[in-house]
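Novice: Any chance you could fold what I've pasted below:
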Amino acid sequence: MDSVAEETRSDEVRFEVDRPVYTTKSLLETFPGLQNENNNAKFMRSKFSIQKLLNIFLNFFPVFRWLPEYQFKEWIIGDICSGITVGIVNIPQSIAFSILAGLAPIFGLYTSFYPVFMYFLMGTSRHLSIGSFAVLSLLTQGAVLRLAPEPTVDAMINSTTLAPNASTFASPLSSLTELEMKRIKIATTLTFLSGVFQLGFGLLRLGFLLSLLSPPIISALTTGSAIYVTTSQMPEFFGITITKSTGLIRPIQDWINIFSNLYSTHIPTFTISIISFAVLLAGKMINDKFKSKLKVPLPVEIVVVAVAILSSYYGKFESKYNVGVVQNVPSGFPVPEAPDFSIISEVIADAFSVSIVGLAISVSLAKLYAERFDYEVDLNQEMVAYGAANFLPSFFFCFPSAAALARCEILVGSGGKTQVVGLVGFIVLLFTILFLGPTFEPLPKAILSSIIIVGLLGILAQLRTIPELFRKSKLDFVIWLVTFSCIMIFSISLGLLIGVVFSIFTVIFRTQVPKCEKLANIPETELYVDHKSEISLLPMDETLVFKFNAILYFGNKDIFAKKLEHKIKKSSTPCVRYVTNGRNEGTDNMKLTNTSEEKMDTAVQSRYKVISTNSPSSVKFIIIDCSPFSYLDLPAADLLKGLWKKYNKAGIELILVHVTTNARSMLHSSGYYQSDSDVLEFLTVHDAVLHCKPKSFNMETFSENVRNFSDVDDDSD
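Specialist: Purely as a prediction, here's the structure:
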């Protein structure tokens, strides 16, 4: 048994350990309780019960876990105030994002209504605000305009509203055109498929895949998308019409078209844009500067929208000055309808992109607020919640939804503590849809463009952090630059895909050129560090401790073997060869520093001539530190088995240490431990070194061997 004594000398804690040298096998035999039972076996033995069924239900609907523990007195006032604020801000934003998606304004209100309630029931983050979002609206626009493009002049003349029928009579959608209905059907199909993808990711517990979306990729994605969205709002901002660009580098083409058409700027529209932009920007700066002092952020957007509606209505902006307004925003809810499943094959690629982008943004925000306020979120359940917030609302005329940074910051800044904020906002949207829809019809579209642009300034501000990213990590900067450039050159979806593939490639590349270390012992300790460290380390004759700082798999196993062979050759200690009467009599290996003639016995020096040569077989023990091998695949395990056999035949003992559970399991599968009964594995490097140390050569042994050889030679004479 281990006996451990600890004592404190001055301010230093020291410990001494007296125990046997354990191999992994002997340790498990001594302490059989260390062997963990296979999780699958536990699962197979588990029995069905009502409690387990209840736990499954509570896992899918976390609201029933946290709502009974709701701290009513401390949280309710902040949640109500925050819910009203977020709900009111959501109204103009949802209308703006619906227009951005190429859809009628009313669908934005629906998208900010149904998903909120689904996330209230199923989400695990306390501070997310789910609903319409600019980036997803832009991606939705791509599919919508591709399958339902703007009509020609003749088609516009022949365009009619839907005739009243059994499904649309007395419905708020009865006033929409055929084109608008066709577009929303495309959008709902896109929403349905993205919800299916997200639900699938969550139910299959694939939350780990989101780790492929590193912070540089998410930063490049949101920044690039913000540039796309801002560019798309410029025509409404200036009151001009441009031709939609296609092909490569679309943002640059659009800006060229914008500047080429500035001469036709609509002055009344531009005036409204400039004034609203200035007021919104000033309000944003005040809210940001005095965030700690303001209990509730100034509702600048609501004030601007209210003033704009009143001014447009009484000033007759549309009829007198030809200012574009929102127009048709009906009241009430339509009868649910299924998406158009006939076009699934045409939008499935768009849906996959939308689902990934939505997950990336929403999960990154969920993790951000969980870290800021010290609570945990279940990423797999989050994906289920996002999927449900898209899947079910797709039957209620909603386009894809996600969390939005601006609304989340408003939620936090206005005192929101839980998802009760979402429930209150849900009620605000309910009242708006039922009674206030037509109120927003006179609202100038230029106001909505200004709201979108100002809301994206926080995301565009990420560009200021790029120099700092370059200083901290050149590799992360390159990942950001590649992703951002590809988004600008190709598209958001393709750029994101290229960024992820490039990021994976950099990980693979790093496993191909890992740092390999030869470890040495710090005197009077059990610690082992790189032998190149600038401290005095004990040499280990005949023993090589090798560490390969990367996972070991089929892609780098050959590099591992080459690096190990290189270290063995470099570690081949010079050998001392003693010669008498011109004949080679014997050889012993040792460090030259330990075999100088000054340290040799005088009688030995007088009788034998000592010369130095290199011996390729001076390494007798190879200890491989397997701690970086969190995973081994079968080719890597087979390599280790082959190396053991190779070095065993050469009289070299190969020993593994710090073998992880997963790696050991694969080694068992490959037959590594069945190679020979002498296969050794230790838990620590020090255990393995102590195993090798009694067998290692030292100076005293060499001198004794030389004397013995001398005596034999004298007798023969």
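Novice: mind listing the helices for the stretch 401-550 of the chain?
Specialist: Remark: helices assigned in the stretch 401-550 of the chain by DSSP state H, counting those that start in this stretch are 405-413, 420-431, 445-460, 466-472, 474-489, 492-512.
Novice: can you give me the mean pLDDT across the shortest one?
Specialist: Across helix 466-472, the average pLDDT comes to 93.
Novice: what does the host helix or strand of K646 contact?
Specialist: Under the criterion DSSP states H and E, the helix or strand holding K646 is helix 634-649. If you take CB atoms under 8 Å, 6 or more residues apart in numbering as the criterion, helix 634-649 is touched by 552-554, 557, 560-561, 564, 622, 624, 629, 632, 653-654, 656, 663, 666-667, 669-672, 675-676, 678-679. Bear in mind the C-beta positions are built from the backbone N, C-alpha and C, glycine included.
Novice: quick one: that helix to chain centroid distance?
Specialist: 35 Å (CA atoms, centre = their mean, to the nearest Å).
Novice: partners of the helix or strand that that helix is followed by in the sheet?
Specialist: Counting by DSSP H and E, the next helix or strand C-terminal to helix 634-649 is strand 653-657. Pairing partners of strand 653-657, with direction, according to DSSP bridges: strand 621-625 (parallel), strand 680-682 (parallel).
Novice: Buried ones in whichever helix or strand comes after strand 653-657, by neighbour count?
Specialist: Sequence order places helix 661-670 as the next helix or strand after strand 653-657, per DSSP H and E. In terms of neighbour count (16 or more other CB atoms under 10 Å), helix 661-670 has its buried residues at 663-664, 666-667, 670.
Novice: Format the residues you listed as TSV; extra columns: pLDDT.
Specialist: Shown next, in TSV, are these (pLDDT from 0 to 100):
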residue	pLDDT
A663	90
R664	89
M666	91
L667	91
S670	87
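Novice: Just give me the closest of these to F277.
Specialist: Nearest to F277, judged by CB to CB, of those is A663 at 58.8 Å.
Novice: Thought S627 was touching the closest one, still the case?
Specialist: No: counting by CB atoms under 8 Å, A663 does not reach S627; the two are 9.6 Å apart.
Novice: Average pLDDT for stretch 192-199, rounded please.
Specialist: 96.
Novice: Pull the residues that contact it.
Specialist: 339, 344, 347-348, 351-352, 354-356, 358-359, 383-384, 386-392, 394-395, 400.
Novice: any low-confidence regions in the chain?
Specialist: 1-12, 33-48, 152-170, 534-539, 572-617, 675-678, 694-717 (pLDDT under 70).
Novice: ok, I84 - contacts?
Specialist: 424-425, 428.
Novice: What's the ChimeraX syntax to select whichever of these are buried?
Specialist: The buried residues among the contacts of I84 can be selected in ChimeraX (16+ other CB under 10 Å) with this line:
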select :424,425,428
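Novice: Tabulate the contacts of I84 (a markdown table), appending distance to L640.
Specialist: Converted to a markdown table, the contacts of I84 look like this (distance: CB to CB, whole Å):
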| residue | distance to L640 |
| --- | --- |
| V424 | 60 |
| G425 | 58 |
| V428 | 63 |
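Novice: from the contacts of I84, which is closest to G455?
Specialist: Looking across the contacts of I84 and measuring by CB to CB, the closest to G455 is G425, at 16.8 Å.
Novice: What is the burial count for the nearest residue to the closest one once chain neighbours are set aside?
Specialist: In this structure, G425 finds its nearest non-sequential neighbour in G87, 3.6 Å apart by CB to CB, 6 or more residues apart in numbering. G87 has 26 neighbours, counted by other CB atoms under 10 Å.
Novice: cool, the one 5 residues further on as well?
Specialist: By other CB under 10 Å, 25 other residues sit near P92.
Novice: I'd say it and V303 touch.
Specialist: No: counting by CB under 8 Å, P92 does not reach V303; the two are 11.0 Å apart.
Novice: before we move on, the earlier item: what comes up buried for the helix holding K646?
Specialist: 636-641, 643-644, 647.
Novice: Using TSV, please lay out the residues you listed together with distance to H691.
Specialist: Formatted as TSV, the buried residues of helix 634-649 follow (distance: CB to CB, whole Å):
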residue	distance to H691
A636	24
A637	23
D638	25
L639	23
L640	18
K641	20
L643	18
W644	16
Y647	16
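Novice: which ones are touching G224?
Specialist: 483-484, 487-488, 492, 495.
Novice: can you do 7 Å?
Specialist: 484, 487-488, 492, 495 (CB atoms under 7 Å, 6 or more residues apart in numbering).
Novice: any idea how far it lies from G87?
Specialist: Counting by CB to CB, to the nearest Å, the separation of G224 from G87 is 30 Å.
Novice: again, but for I99
Specialist: I99 is 20 Å from G87, by CB to CB.
Novice: tell me the centre residue of this protein?
Specialist: S211 (2.9 Å; CA atoms, centre = their mean).
Novice: hang on, it is in a helix, isn't it?
Specialist: Yes: judged by DSSP: H, G, I helix; E, B strand; the rest coil, S211 forms part of a helix.
Novice: how far is stretch 326-340 from where the chain is centred?
Specialist: Put simply, stretch 326-340 sits 37 Å off its chain's centre (CA atoms, centre = their mean).
Novice: Count the residues that sit near the closest residue in space to L494 that isn't next to it in sequence.
Specialist: When the adjacent residues along the chain are set aside, L494 lies closest to C486, with 6.8 Å between them (CB to CB, 6+ apart). Neighbour count for C486, taken as other CB under 10 Å: 21.
Novice: Let me see the contact set for C486.
Specialist: Contacts for C486 (CB under 7 Å, 6+ apart) come out as 494-495, 498-499.
Novice: Hmm, S82 is touching T418, no?
Specialist: No: counting by CB atoms under 7 Å, S82 stays clear of T418, with 9.7 Å between them.
Novice: Okay, buried residues for the strand or helix carrying P92 please.
Specialist: According to DSSP H and E, P92 maps onto helix 72-100. By 16+ other CB under 10 Å, the buried positions in helix 72-100 come out as 75, 78-100.
Novice: Now the element after that helix, going C-ward?
Specialist: Next along the chain after helix 72-100, taking DSSP H and E as the criterion, comes helix 106-111.
Novice: Check the offset of that following helix from the chain's centre.
Specialist: Computed by CA atoms, centre = their mean, the separation of helix 106-111 from the middle of its chain amounts to 30 Å.
Novice: Give me the angle between the helix holding K646 and strand 653-657.
Specialist: With axes from the mean of the first three to the mean of the last three CA atoms, to 10 degrees defining the directions, helix 634-649 sits at 140 degrees from strand 653-657.
Novice: and the angle from helix 634-649 to helix 661-670?
Specialist: Using the same axes, to 10 degrees: helix 634-649 against helix 661-670 is 70 degrees.
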